[in-house]
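**Q** got a predicted structure here, sequence first:
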Protein chains: 2
Amino acid sequence: MSTRRVVALAGGIGGARLVEGLAAVLADDELTIVVNTADDFEHLGLFVSPDVDTITYTLAGIADRQRGWGLEGETFRTLASVTALGGPSWFQLGDADLGTHLMRTARRHRGDRLTTITLDHAKAFGVRHRILPMSDSPRATKLELHDGRELDFQPWLVGERGQPPVRAVRFEGTRLSTPEVRDAIDAADLVVIAPSNPYVSIDPILTLDGIRERVDRKPTIGMSPIVSGRAVKGPLASMLRDVAGVVPSARAIVDHYAGLLDAIVVETGDEIGLTIPAHATRTVMGDRDDRARLAHELLRFAEVTLR
Amino acid sequence: MSTRRVVALAGGIGGARLVEGLAAVLADDELTIVVNTADDFEHLGLFVSPDVDTITYTLAGIADRQRGWGLEGETFRTLASVTALGGPSWFQLGDADLGTHLMRTARRHRGDRLTTITLDHAKAFGVRHRILPMSDSPRATKLELHDGRELDFQPWLVGERGQPPVRAVRFEGTRLSTPEVRDAIDAADLVVIAPSNPYVSIDPILTLDGIRERVDRKPTIGMSPIVSGRAVKGPLASMLRDVAGVVPSARAIVDHYAGLLDAIVVETGDEIGLTIPAHATRTVMGDRDDRARLAHELLRFAEVTLR
């Protein structure tokens, strides 16, 4: 394969599945994952980076496959204690997971970059591929709701289960990516947009200064997070309706990215009406082998189509 | 009994045993415990108050009786995770215990007083008696060692197992107690100095502005933490030798407090040579009943002797 350097843009759970597949078929130095940090938040004084941790735990093979987030075999004793003392219970803080948050927080307080911390954590967990947070500085996702409220991402997603209809998504905070992210994209032969939520997982990355322009210069392939009109995971289907007023479909995803995608992988049947090259296959990912199979198909399709 | 209001000054483990006994024989409003906070420290960004927590957990009946610190049935999954990520392992951070530290830290960051937090935690754990930290502000114990180094308390006690000989103990930080502490002592019929380490557990309280003078105006009874020339727990015996150059004994304890104690409870045989009224009994405390028995003897002796 001539595609030697791949950059994947990814959010949490949906993105992690394809990323695990890509990691299974690409060598250590062939894959860099740029991860959304716009749903990072501070909880009980801890810096929590849900997407970074989900990607890291998934590639380390220690993620809980059932839940999709957190660690396998996790316990919740600290959370029980916090709750008994009148603290918040809406965020499921696992005991082992907490070690990651404590270390990230302590190191950020002494001035370490999130990039360095993320690379160190990935290494400690035995991850072979490079995981880069999209930025070292906070960027927050704000959801303007149809009921007039504005909520931060986690209170909306976890606290209110992603139920209240969203009118618009905007971002606050830094517009700076990192040298590592920019260099990785510039050096890439292919950019893969993971099947993550475009509004809250991919747009935060693309709207950083210079990133969309950089991705636009590269062969770019996506995978649709909408399968037969429904989101595989999370609130994306209703967001497409509530924010854009469109029917959830692979076409809606292509339209959302407005010319950025050169090709797309979709569920068989969802390719109808697409105006860019589409590879139709089974995209709902099962075990690790299935994820590798899909990553392999995606890379081969990109090579044939985008050469 | 005419002694209705008792204030106990206490540190951690040694103090907690007698305090548990006092709590077993005194009504809710008859006992206030003023707890040392000069071995509080920040660990991984968390405010840890070892003595406050030891007293609280002990009175709540959830302390680990074997170890003397921490919670019964504790697990250490967060610590394992922290250590795997290159973090410090010298301090045994329990998963459930961590909930206490997280809540204390979060509340201190938003401006709550340590006094309020401590009272709330005690209430949440079902403690009936009043536990007051000696101060709301940091006061740090510094140990000047014979080898020329100066160490903070926890790195010396836990990190170096209290081994390096101490030349002198000094305190840095606030000299302010709290209105609650001052009012409790002023309203007390009796002050009990628990069998804690005088250098690092009781002196930090007594050297706060106005506290020693207040205690001096009250009938005050101590219990010797030295039994037959040895410390029941911890590094006190060697400290008496290394700091004061004296042989560890009940007499050395009385001398250390320099006139503050009006009476003392000592192990049978240790009363020889004492110049204040002494009640000799078995002071090495076993189970809860034994602790109550001893507290009862102490209170009765105080009543008879100090009326």
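**A** Yep, it's here. Numbers count the residues shown, from 1 in each chain, chains lettered A, B, ... in the order given.
**Q** CA only for contacts and neighbour counts going forward, please
**A** Noted.
**Q** now do the same for the residue in the stretch 151-300 of chain A positioned nearest to chain B: helix, strand or coil?
**A** Relative to chain B, the nearest point of the stretch 151-300 of chain A is A:P155 (18.0 Å; CA to the nearest CA). Of the three states, A:P155 takes helix under DSSP: H, G, I helix; E, B strand; the rest coil.
**Q** one more: A:V34?
**A** A:V34 ends up strand, using three-state DSSP.
**Q** looks like it contacts A:V6 (just checking).
**A** No: judged on CA atoms under 8 Å, A:V34 makes no contact with A:V6 at a distance of 10.6 Å.
**Q** more neighbours: which of the two?
**A** For A:V34 versus A:V6, the count of surrounding residues by other CA atoms under 10 Å in any protein chain shown is larger for A:V34: 27 against 23.
**Q** show the contacting residues for that one.
**A** A:V7, A:A8, A:L9, A:A10, A:I131, A:L132, A:P133, A:M134, A:V181 (CA atoms under 8 Å, 6 or more residues apart in numbering or on different chains).
**Q** how about A:R128?
**A** A:D28, A:A122.
**Q** again, only using 7 Å
**A** A:D28 (CA atoms under 7 Å, 6 or more residues apart in numbering or on different chains).
**Q** over to A:T275: give its phi and psi.
**A** Backbone torsions for A:T275, taken as degrees, to the nearest 10, come to phi -110, psi 0.
**Q** can you pull the contacts of A:I205?
**A** A:N36, A:M134.
**Q** go again using 6 Å as the cut-off
**A** With contact set as CA atoms under 6 Å, 6 or more residues apart in numbering or on different chains, A:I205 has no partners.
**Q** now swap in A:V265 and tell me
**A** Counting by CA under 6 Å, 6+ apart, A:V265 has contacts A:M223, A:A278, A:H279, A:A280.
**Q** now stretch A:275-293: buried residues?
**A** Neighbour-count burial for stretch A:275-293, counted by 16 or more other CA atoms under 10 Å in any protein chain shown, picks out A:P277, A:A278, A:H279, A:A280, A:T281, A:T283, A:V284, A:M285, A:D290, A:R291, A:A292, A:R293.
**Q** in CSV, list the C-alpha atoms belonging to the longest helix belonging to chain A.
**A** Ranked by residue count under DSSP state H, the longest helix found in chain A is helix A:288-306. What follows is helix A:288-306, C-alpha atoms only, in CSV (Å, rounded to 0.1, in the frame of the first residue of the first chain):
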residue,chain,number,x,y,z
ARG,A,288,-11.6,-6.1,16.8
ASP,A,289,-11.3,-8.3,13.7
ASP,A,290,-14.4,-6.7,12.3
ARG,A,291,-13.0,-3.2,13.0
ALA,A,292,-9.7,-4.2,11.3
ARG,A,293,-11.7,-5.6,8.3
LEU,A,294,-13.5,-2.3,7.9
ALA,A,295,-10.3,-0.2,8.3
HIS,A,296,-8.7,-2.3,5.6
GLU,A,297,-11.6,-1.8,3.2
LEU,A,298,-11.6,2.0,3.9
LEU,A,299,-7.9,2.3,3.2
ARG,A,300,-8.1,0.2,0.1
PHE,A,301,-11.0,2.2,-1.2
ALA,A,302,-9.1,5.4,-0.5
GLU,A,303,-6.1,4.2,-2.3
VAL,A,304,-8.1,3.1,-5.4
THR,A,305,-10.3,6.2,-5.5
LEU,A,306,-8.1,9.0,-4.3
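**Q** how about residues contacting that helix?
**A** A:G21, A:L22, A:A24, A:M285.
**Q** by neighbour count, which of those residues wins?
**A** Using other CA under 10 Å as the neighbour criterion, A:L22 leads the contacts of helix A:288-306 with 27 neighbours.
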